[in-house]
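> Need a 3D model of the sequence below.
(chains A, B and C)
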Amino acid sequence: MSASRRLDAPPMPARAVKGIALTVICALVIIPFVGIVSTSLATREQVNAAGGFVLFPSSVTWDAYRSIFAGGVVSQAMLVSIGITVVGTAVSLVASTLLAYALSRQGSFGQKPMLMLVLLTLLFSPGMIPNYLVVKEFGLLDSYWALILPTALSGFNVIVLRSFFMGIPAELTDSARIDGAGHLRIFTNIVLPLSKAVLAVIGLFYAVGYWNAFFNALLYMNDSGKWPLQLVLRTYVVNNAELGASDLGATVDVVPPQASVQMAILVVTIVPILIVYPFLQRHFAKGVLTGAVKG
Amino acid sequence: MSTFISRRNVLRGGLGGLAALAAAPTLAGCSDSSGAEPGGDPSGPAAVLPTYIPYEGVQPDIVGEGGIPHVFFAYPSDPQPATSEKPGDGEPVSASMGTFAPIPPTADRNPYWAELNERVGSELQLSITPGADYPQRFATAVAGDNLGDIFNVDDSLSQLPQFLEAKCQDLTEFLAGDAIADYPFLANLPTDSWRGTVFNGRIYGLPVQRGITGSQIIFTRDDLFEARGVDPSFAGLDEFLQLCRDMTDPQGNAWALTEIPFVVLQSMVGITNEWMVDDAGAFTHALEVPEQKDALEFGRRLVEEGLVHPDGVGGANADAKAWFSQGSAAVIEDTYTAVAGFFARNTIGDAYRLGLQVAPGPDGEPAPMWQGMPNNSFTSLAQADPDRIRLLLQVLNYLAAPFGTEEHLFRSYGIEGVTFEFEGSEPVLTQDGLAYTSNGAFPVEYLVDAPKETYFPGRPDVAQAVYDHQAVAVPASSLTASWGLYSETQGRVGGQLTTMLNDARNGILLGREPVDSWDETVASWKSGGGDDIRAEYEEAHAAQA
Amino acid sequence: MSHTATDPVAVRAPEARAVTGATRPPSRRHKQRWYRRLHRDRALILMAVPGMALVLGFHYLPLIGNVIAFQDYVPFLPFGSSPWVGLENFEVILNGDPAFLRALRNTLVLTLVQVVFVFPAPIALALLLNSLLSERIKRVVQSILYLPHFLSWVIVVAVFQQIVGGSGLINNTLRANGLDPISLMGNSDLFVTLLTTQVIWKDTGWATILFLAALSQIDSSLYEAASVDGASRIRQLWHVTLPGIRGLIILLLILRLGDSLTVGFEQIILQQHSVGLAASEVLDTYVYNNGIVGGQWGVSAAVGLVKGVVGVILVLGANKVAHIFGEAGVYKS
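Next up, the predicted model:
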């Protein structure tokens, strides 16, 4: 924290207002999440007494989690999802940043038509059936690539990246060119290092996109052993997990309440993001102060 | 064991049971399954229907007749195999279906699935989809010609009969009439179910059977009624209204109803089903009869007086069962299938008492219960040579093994000691068993299934009460007259009309629109396709007669 | 670290600075032949190849399938052999059906309200976070507020019901104290407010991320200079911070306008039944209720095409306006 900033710190009343505002905003978000975690850990008695949503659990049971992880389907799917997310994000970032750089060089060959093509992807989307036929023709059905390639390039992300790249002062790239550096070297040595913040953000956008995706897997993966986490868990959320068991009468004693299972699923899907997030956040949440640390 | 169910109401309703038949309304359901056998008219195109040959290898505790499921108070002891050889030939069998249970681990890590492959004699390659997403999965697989050997059919597909003809195997020669005797477990499926698989006079599928158990009835929390000193039974709409008032206490977060029980209300004002047909073959929809407005008026009153749970007034709330279990509502409209779930959610032990109420009609006799659809859906086979078709039918026959056979015990519960244990006479799935068998609802049950029997492990009193209710309600019930008939217009604009009708109905029930606005809705339903649908049903009905 | 990035998102006339090769506009275009330019820019072309291959292969190739907008599409017929029906599928849009017009009006009202209230929310939050002195509090707050983004609409609606529903926390408290409950969720008059509140709750925290990235690239020496000049914090905000992210704000606003005819389908369809179609039907739910439900693939493709064309007009129009005000916008021709 720089000394000059501390000197013109805002006056007390303004800080108090800000503090109260932030506390209220955070509470509005946190309370439902406390409820989600509590419900996932609540017993059938508590869920029943609360009518579904438990805010403060009086005792804790891990039954919902045990039930989700029984049989190994969920842990297998989690591995699939991690693999898809890591590989997919890498593919996406490489293709997107290269393309965004090419599109940021105004006046180059084919730059305008290509930019238009990328922009139009935001406005016209192909239908579900043609998408399926293309993936099938490429021979990608039941291949993990079917979960990566069709969504590997987001026009929105490319346009945002391009906009950030164009903000890099021309003097830097110009002088490098005069020194005889090629585009690839300018890209890797000048543009990328100056764009860490936006790379972290776009990387997060892609990663979260892959992590949350289930619909392509639903269409393209016949083999449920290759399903990603979100699709496996969808069978619990959109379906009534108690339903099958109810047919068998008494055996449902072993099945935890639906509300707990659903909330446990949320926790299971969100925790990996919670773990990764701080590492990325370092790059974009620093704010103006970091720039002051001059080399 | 104490009585979990209050029998009194059921028995009381039973007094007028038989009389109901005598007082049958002029508009009767097309299929009256009150006969000894659920049967279709054996003339005309219906002649292709398979002969119904009930499986008699297992003796139920109560034999259900007239469409009522058999009752088992306990799982039959020492189940015996009913087949002698494996149906498969070692070649893999691929199949697609939606499921409403969690997906099972794949065969390489699932002892149950592996054993199922072993017993079938062919590897079952299942392409499973969450039920809510199946229509989309199905449409893409149809476009990509990628359905596999056996597939559950999404009947909302446009031009369904043309699709069946173009892409699916005509099963008539294999299954019509007595030919079905080659597949004894398929022959054990009721005729009404098969009627749902006949298109243009040919059999194109196998039923995923449901039937009576899907009928909507009124359940009451009799323990809550007793605590307030209110009688949960009712002899008419007035009494129903009064008991709802008596059971409502908003300050204590208690309401009488989870939602508006609109199916039962319609039957109580005397509407016999969604589609009705008279002797001359003329079709009428429930929404056009004058009584419809009585039901709307009454439903509106329930909301106006604040007798419905405030989050349930709009209908379709997933939490309705939770409110009923929790006690913030004492009356719920649900199906017989829901009974096991109610007890599963019970957390107050023996104090919990569930009542199954027989709703009275306008004349005080049991109201005409609207029967649940005979099928959940149906399953078709990709076109193939006759030998392959016979083999696939044998596999499906195996999967439809009736309740109480050794095959059924394995299909539902798996392997003793691995996926289930016996507790007394009752098989009970273990924690791993639940995962391996998809909570006992392994996805093959959406290809074909044995008839659902009435069986509540360890709770014979519940089975008895369900039977007692059915014994009174089923004879007065009917199936919608459109069952087994195809209307192209219904396939094309049916969903759109349903959305429009639901919105108009909700507008009236919630007090946004006057009851008389219903006339306008009926008019736009008629001009928007309703009259065409009626004409197409009448034509199809005449062709079958 | 960078102390040179004065203008992170190309606020003004970026083509004056971005270079392609040895020569510069404006006469370049006519002097060089296309194959010489191709040769000159071959490295850039190669860099664009992987991305463009994905765009062409997985977007434009299947996009050809949108010809079903002019067909009565039958999924089980070989592709292209469904009957051609001209503009029949567009009828749902063109026939002036009151239900369609109602859906269009609701959509535009929602878009307007959301552009006014939802769009600025993350900007305000990002500025608020940015003004915090404690790095730790900033991070903690930010990583709490992004969480709701990961809840599906089903869950968000359930959470709202638990709190403001007919028997939610608030109404139960009111009733227990003998007061009249307030209908917030099933009330058609408050539907727009409800939807907007839900969107703000769910996505504001997440949407700040991009603005934080832009803020982090503002050269801190500008603040120091302003501070030395005695500029107040408000003036710093106005003269340094906002100009630093203005380009990004305009870019995102233009892209949002391109989506004007699209508003939260899943969110609305989940809550539609209790408030009624009159208040809640939007374009996407109208298409769903009238086309998709009946398996009319052609209709949904047709509506998609029309929405795309309207989007193009809005984006290019807004882009033009941005240029008039000297902004880079999204695309420079």
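> Now do the SS call for residue B:334.
Under the three-state scheme (DSSP: H, G, I helix; E, B strand; the rest coil), residue B:334 adopts strand.
> residues near residue C:101, how many?
For residue C:101, the neighbour count with other CB atoms under 10 Å in any protein chain shown is 10. Where C-beta positions appear, they are placed from N, C-alpha and C, glycine not excepted.
> Repeat that for residue B:92.
12.
> looking at it, it is touching residue B:121, isn't it?
No: at 11.0 Å, residue B:92 does not count as touching residue B:121 under the criterion of CB atoms under 8 Å.
> Quickly note the distance from the spatially most central residue of chain B to residue B:373.
The centroid of chain B falls nearest to residue B:214 when counting by CA atoms, centre = their mean (3.0 Å). As judged by CB to CB, to the nearest Å, residue B:214 and residue B:373 stand 6 Å apart.
> domains of chain C?
Following automatic domain parsing, one gets these domains for chain C: C:18-52, C:68-324.
> how many neighbours does whatever residue of the stretch 51-200 of chain B ends up closest to chain C have?
Going by CB to the nearest CB, chain C is nearest to residue B:158 of the stretch 51-200 of chain B, at 3.8 Å. Neighbourhood size, residue B:158 [other CB under 10 Å]: 19.
> For it, give me the pLDDT.
pLDDT, residue B:158: 81.
> picking that back up, name the stretch among the domains of chain C that sits most buried.
domain C:68-324 (a mean of 18; mean count of other CB atoms under 10 Å in any protein chain shown).
> Tell me if that one is near chain B.
Yes: figure legend: domain C:68-324 in contact with chain B (CB under 8 Å from any CB of the partner chain); contacting residues C:74-77, C:79, C:161, C:165-168, C:171-172, C:175-176, C:178, C:181, C:183, C:185-186, C:188, C:273-278, C:289-290, C:293-297.
> re earlier: just so I know, which of the domains of chain C lies nearest residue B:492?
Proximity to residue B:492, assessed across the domains of chain C by CB to CB, is greatest for domain C:68-324 (5.1 Å).
> average model confidence for the closest one?
Rounded mean pLDDT across domain C:68-324 is 87.
> ends of that domain, how far apart?
Taking CA to CA, to the nearest Å, the span from the opening residue of domain C:68-324 to its closing residue is 39 Å.
> Please name the nearest non-neighbouring residue to the residue in the stretch 1-150 of chain A positioned nearest to chain C.
Of all residues in the stretch 1-150 of chain A, residue A:130 sits closest to chain C, at 2.5 Å by CB to the nearest CB. Nearest residue to residue A:130, sequence neighbours excluded (CB to CB, 6 or more residues apart in numbering or on different chains): residue C:65, at 2.5 Å.
> Was I right to think the one you found contacts residue A:127?
Yes: between residue C:65 and residue A:127 there is a contact at 5.6 Å, judged by CB under 8 Å.
> who touches both of the two?
residue C:301 (CB atoms under 8 Å, 6 or more residues apart in numbering or on different chains).
> Longest helix in chain A, by number of residues?
The single longest helix within chain A, with elements called by DSSP state H, is helix A:73-104.
> Would you tell me whether the following helix or strand past it gets close to chain C?
Remark: after helix A:73-104, the chain's next helix or strand is helix A:111-120, criterion DSSP states H and E. Yes: Helix A:111-120 is in contact with chain C by CB under 8 Å from any CB, via A:111-112, A:114-120.
> and the gap between residue B:456 and residue B:77?
Residue B:456 is 17 Å from residue B:77, by CB to CB.
> Of these two, give the one with the bigger neighbour count.
Between residue B:456 and residue B:77, counted using other CB under 10 Å, the more crowded position is residue B:456 (24 against 8).
> Isn't that one up against residue B:339?
Yes: between residue B:456 and residue B:339 a contact is recorded at 7.2 Å, counting by CB under 8 Å.
> For residue C:331, what is the enclosing helix or strand?
Using DSSP H and E, residue C:331 falls outside every helix and strand.
> Show the secondary-structure elements that the host helix or strand of residue A:186 is packed against.
Element membership for residue A:186, per DSSP H and E: helix A:183-186. Where contact means 3 or more CB pairs under 8 Å, 6 or more residues apart in numbering or on different chains; DSSP states H and E, helix A:183-186 is packed against helix A:170-178, helix C:42-55.
> Now do the buried residues in the shortest one.
Taking 16 or more other CB atoms under 10 Å in any protein chain shown as the basis for neighbour counts, the residues of helix A:170-178 that come out buried are A:170, A:172-173, A:176-177.
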